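Visitor: Compute the structure for the input listed below.
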Amino acid sequence: MKRAVHSFLLSLVLVSVSVAQTIQTTPPAPSAPRSVSFPKPGDQHLSNGLRVIVVERHDTPLVTAALVIKNGGEVDPAQLAGVADMTANLLAKGTTTRSATRIANEVESLGGILESEAQWDATNVSVGVMSDKIASAMALISDVVRHPTFRSDEIERLRQEYLDSFTLALGEPASLARFVGAKVVYGDGLYGHAILGTLESLKRISRADILKIHRQYYRPDNAILVLGGDINQDAGFTLAKRFFGDWLKPQTKMPALAPLETADHGGRVIVIDKPDAGQSAVFLVRRGISRNDNHYYQGIVTNSVLNGYSGRLNQEIRIKRGLSYGAGSALEARRATGPFVASAQTKNESGAEVATLLIKEVERLSTEPPPIPELTPRKAVLIGEFSRGLETVNGLVGRVSALAVYELSLDEINRYINSVEGVNTTDIQQFATSKLDAKSSSVIIVGNAKLFLSDLQKRFPNVEIIPFAELDLNTRSLRKKK
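Guide: So this is what the prediction gives:
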């Protein structure tokens, strides 16, 4: 008996060794991506100018309704940064027929979440519910968008929340570098402020300012209603007419958008000296592309080579040198030219070194574009993120809404994967050379300057130093008047 047990155990060991010898120790190569194919959305305009888009998807009994205003934080008047986002967030704080409490209770009874916020180029008000509750959800969205009361007590409560949030952000080097970057790239023009506002601008915003934003931009000929999920097109258009058909189009023209400033004042090296900062945030900033740029797909693939855990920035700064917990980049394509940002946080002593590395890696795209073994997984990351985003009804509606805001073909959702796959190494080299010139970009470091300034000045001859106490985020000079 013992001999039989011994033989059995020996055979298990031999099998285990055999299996271990055949285990693959490297990840398998990515499989070929498969294109998505969504049916053509229904697309109509109501007589008042409201564009209505219905995207059918019947695999789950869910529907998301999103009312999109085709403007966001970029319409904040000078000295009133934050007013567009405050307006959006106040929509659900009471209407002429519903209190804030009643709105919250109705949303909860529908099993949904009502969200409203201003972004760049758009303001979104959305709610996702079971398909049999979509009529009630539409009634709620119509009411909060069209009939908000903007009560003074709600304005003051929200103002304090924004002031608290901005105060906290000022203590975070990365947030502060982002605010400074907007001013450096865009000056006092379009996109040149934080959507959240500043301590000074938030205190200036009045109820009259909020009412003006609502009156000027919340109108049917400046809005898109997107319905997606378990709903057919006829039912969707019927609901749109029922709840938005009597929304009156104003006789006045839409206000003209402020233009981008012609120069972005690139090539600067700015230090915000914050002695209490435990780390430094290091940003490389410049203008990138608009969403309607013909090189959009070359741009997002190029950025993917830099960004992410396996991207070049993180490989060089975190994995190879251990200078940061993470480094990455973002290419934000907007209605007008959006920003490109490469960034990392590091210990104060290595701030100058990280700035040099950011520049080096962006420059290297022009001289050493990614070979196919490097490029293939970076494309796979983009395609994977895109595909996961479409798995939910909310994600699908969000993607369609973005295409509609930028007046792009809705069929582009079916061309995304092939467009990404079509980008090659030469495309990336050309894009990096023409759109991401590191030498004309600006460097921003927020941190304890005494720990890196000497090294930084050896590397860059044109360092500007602004003590945190003298910083003014309301003006392109970034300095308080003396």
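Visitor: Extract the CA atoms of stretch 392-412 and return them as CSV.
Guide: Taking C-alpha atoms only, stretch 392-412 is exported to CSV below (Å, rounded to 0.1, in the frame of the first residue of the first chain):
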residue,chain,number,x,y,z
THR,A,392,-22.3,50.6,-20.6
VAL,A,393,-25.3,52.6,-21.8
ASN,A,394,-23.8,55.7,-20.1
GLY,A,395,-20.5,55.2,-21.9
LEU,A,396,-22.3,54.9,-25.3
VAL,A,397,-24.4,58.0,-24.7
GLY,A,398,-21.3,59.9,-23.6
ARG,A,399,-19.3,58.9,-26.7
VAL,A,400,-22.2,59.9,-29.0
SER,A,401,-22.8,63.1,-27.2
ALA,A,402,-19.1,64.1,-27.6
LEU,A,403,-19.3,63.4,-31.4
ALA,A,404,-22.4,65.5,-31.6
VAL,A,405,-21.0,68.5,-29.6
TYR,A,406,-18.0,68.7,-32.0
GLU,A,407,-20.3,68.2,-35.1
LEU,A,408,-18.6,65.0,-36.1
SER,A,409,-20.2,62.1,-38.0
LEU,A,410,-22.0,59.8,-35.5
ASP,A,411,-20.6,56.9,-37.6
GLU,A,412,-17.1,57.7,-36.4
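Visitor: Run through who's touching it.
Guide: 38, 40-41, 43, 51, 53, 55, 57, 60, 62-64, 66, 68, 70, 121-122, 124, 126, 128, 224, 226-229, 291-292, 335, 388-390, 413, 419 (C-beta atoms under 8 Å, 6 or more residues apart in numbering). Every residue, glycine included, has its C-beta placed from N, CA and C.
Visitor: and if we set it to 7 Å?
Guide: 41, 43, 51, 53, 55, 57, 60, 62-64, 66, 68, 70, 121-122, 124, 128, 224, 226, 228-229, 291-292, 335, 389-390, 413 (C-beta atoms under 7 Å, 6 or more residues apart in numbering).
Visitor: Which among those residues count as buried?
Guide: 41, 43, 51, 53, 55, 57, 62-64, 66, 68, 70, 121-122, 124, 128, 224, 226, 228-229, 291, 335, 390, 413 (16 or more other C-beta atoms under 10 Å).
Visitor: all strands of this protein, in order?
Guide: 42-45, 51-56, 62-69, 114-118, 123-130, 223-229, 269-273, 279-287, 327-331, 339-347, 442-447, 463-467 (DSSP state E).
Visitor: can you give me the helices in the stretch 101-250 of the chain?
Guide: Ranges of helices in the stretch 101-250 of the chain, per DSSP state H, counting those that start in this stretch, are 134-146, 152-170, 173-186, 199-204, 207-217, 233-244.
Visitor: possible to save those as JSON lines with mean pLDDT and mean neighbour count?
Guide: As requested, these are exported to JSON lines (pLDDT from 0 to 100; neighbours: other C-beta atoms under 10 Å):
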{"stretch": "helix 134-146", "mean pLDDT": "97", "mean neighbour count": "21"}
{"stretch": "helix 152-170", "mean pLDDT": "97", "mean neighbour count": "14"}
{"stretch": "helix 173-186", "mean pLDDT": "96", "mean neighbour count": "22"}
{"stretch": "helix 199-204", "mean pLDDT": "97", "mean neighbour count": "16"}
{"stretch": "helix 207-217", "mean pLDDT": "97", "mean neighbour count": "17"}
{"stretch": "helix 233-244", "mean pLDDT": "97", "mean neighbour count": "19"}
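Visitor: show me where pLDDT drops low in the stretch 201-350 of the chain?
Guide: 262-265 (pLDDT under 70).
Visitor: So what's the residue count around His295?
Guide: 16 (other C-beta atoms under 10 Å).
Visitor: what does the one 5 residues further on give?
Guide: Ile300 is flanked by 21 other residues according to other C-beta under 10 Å.
Visitor: next one: Ala432
Guide: 25.
Visitor: if I read this right, it contacts Leu365, doesn't it?
Guide: Yes: Ala432 is within contact range of Leu365, at 3.5 Å (criterion: C-beta atoms under 7 Å).
Visitor: residues shared between the contacts of those two?
Guide: With C-beta under 7 Å, 6+ apart, Ala432 and Leu365 have common neighbours Thr302.
Visitor: Show me what stretch 107-118 is in contact with.
Guide: 72-73, 84-85, 88-89, 91-92, 124-130, 133, 136-137, 140, 195.
Visitor: could you redo the last one with a cut-off of 6 Å?
Guide: Residues from elsewhere that reach stretch 107-118, judged by C-beta atoms under 6 Å, 6 or more residues apart in numbering: 72-73, 84-85, 88, 91-92, 125-129, 133, 136-137.
Visitor: Pull out the buried residues from those residues.
Guide: Judged by 16+ other C-beta under 10 Å, buried ones among the contacts of stretch 107-118: 72-73, 84-85, 88, 91-92, 125-129, 133, 137.
Visitor: Would you mind listing the two of the residues you listed that lie farthest apart?
Guide: The most widely separated members of the buried ones among the contacts of stretch 107-118, counting by C-beta to C-beta, are Gly73 and Lys133 (31.4 Å).
Visitor: ok, back up a step: would TSV of the buried ones among the contacts of stretch 107-118 with distance to Ser109 be doable?
Guide: Converted to TSV, the buried ones among the contacts of stretch 107-118 look like this (distance: C-beta to C-beta, whole Å):
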residue	distance to Ser109
Gly72	30
Gly73	32
Ala84	30
Asp85	27
Ala88	23
Leu91	19
Ala92	15
Val125	18
Ser126	18
Val127	12
Gly128	14
Val129	10
Lys133	9
Ala137	11
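Visitor: Go through those residues and say which is closest to Leu199.
Guide: Asp85 (15.0 Å).
Visitor: That closest one and Ile141, how far apart?
Guide: Counting by C-beta to C-beta, to the nearest Å, the separation of Asp85 from Ile141 is 18 Å.
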